[in-house]
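Q: coordinates for the following, if possible.
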Amino acid sequence: MNDDKLLKAFALLGAALDASATDPEDALGQAALAKTFESTFEYVWKHFKREADQAGLETYSPRDALKSAAQLRLIDDLELWNQFLNARNLSVHDYVGMDHSATLSIVRRFRDEVQRLIGD
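A: All right, here's what the predicted structure looks like:
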C-alpha cells in the first residue's frame, strides 16, 4: 500500500496507544488516542473507497466502503470492521465520555487489522 497519509496516521495511532498504555488516566492522552483512531479510520475507509471505485463498485459512505472491501477481500471480517466504524462514530461525538478500557481494546484490534492491511 502506498498511502502516505494513512501510514503517517497509523504511526501516530501507535504512538497514542503507547502513551495511553503508559498513563491510562491522562485525559489528553485519551483525547489523542480517540483523534488518531478517528483519523486513521478515515484514511482506511477512503483507501477502501478508492479500491472499490477502481473495481467498478459504487461507494457513498464508510459503511459502503467496508462492504466493498469485504467483497474485494481486502478485509476478512466485515462485522469487526463495522464495530470499528461504530466506535469511530462514538469517538467523533463523545471521546470524553467513552470507556477508556473498551476504547483501548477496540483500538488495539483496529491497529492489528490495519497492520495486516498495510503489510508492514
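Q: give me the mean pLDDT for stretch 84-100.
A: In this model, stretch 84-100 carries a mean pLDDT of 75.
Q: give me the mean pLDDT for stretch 31-51.
A: 94.
Q: please renumber the chain so that the first residue is 39 from this point on.
A: All right, first residue 39 from here; so that's stretch 69-89.
Q: now do the buried residues in it.
A: 70-87, 89 (16 or more other C-beta atoms under 10 Å). (C-beta placed from N, C-alpha, C; glycine too.)
Q: residue 110: what's it in contact with?
A: 89-90, 93, 95 (C-beta atoms under 8 Å, 6 or more residues apart in numbering).
Q: for those, give me CSV that also has distance to residue 111.
A: Shown next, in CSV, are the contacts of residue 110 (distance: C-beta to C-beta, whole Å):
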residue, distance to residue 111
89, 10
90, 12
93, 11
95, 13
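Q: name the member of those residues with the most neighbours.
A: residue 90 (21 neighbours; other C-beta atoms under 10 Å).
Q: which strand or helix spans it?
A: If you go by DSSP states H and E, residue 90 is part of helix 65-92.
Q: by contact count, what packs against that helix?
A: Packed against helix 65-92 by the contact rule (3 or more C-beta pairs under 8 Å, 6 or more residues apart in numbering; DSSP states H and E) you find helix 42-60, helix 100-109, helix 116-132, helix 138-156.
Q: ok, which of those helices comes nearest residue 66?
A: helix 42-60 (9.1 Å; C-beta to C-beta).
Q: can I get that closest one as PDB, trimmed to CA atoms?
A: The C-alpha trace of helix 42-60 is given here as PDB (Å, rounded to 0.1, in the frame of the first residue of the first chain):
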ATOM      1  CA  ASP A  42       1.400   8.400   2.900                       C
ATOM      2  CA  LYS A  43      -1.300  10.000   4.900                       C
ATOM      3  CA  LEU A  44      -2.600   6.600   6.100                       C
ATOM      4  CA  LEU A  45       0.900   5.500   7.000                       C
ATOM      5  CA  LYS A  46       1.500   8.700   9.000                       C
ATOM      6  CA  ALA A  47      -1.800   8.500  10.800                       C
ATOM      7  CA  PHE A  48      -1.100   4.800  11.600                       C
ATOM      8  CA  ALA A  49       2.200   5.800  13.100                       C
ATOM      9  CA  LEU A  50       0.500   8.400  15.200                       C
ATOM     10  CA  LEU A  51      -2.000   5.900  16.300                       C
ATOM     11  CA  GLY A  52       0.700   3.600  17.500                       C
ATOM     12  CA  ALA A  53       2.300   6.400  19.500                       C
ATOM     13  CA  ALA A  54      -1.000   7.300  21.000                       C
ATOM     14  CA  LEU A  55      -1.600   3.700  22.000                       C
ATOM     15  CA  ASP A  56       1.900   3.600  23.600                       C
ATOM     16  CA  ALA A  57       1.300   6.800  25.500                       C
ATOM     17  CA  SER A  58      -2.100   5.700  26.600                       C
ATOM     18  CA  ALA A  59      -0.700   2.400  28.000                       C
ATOM     19  CA  THR A  60       2.000   4.400  29.900                       C
END
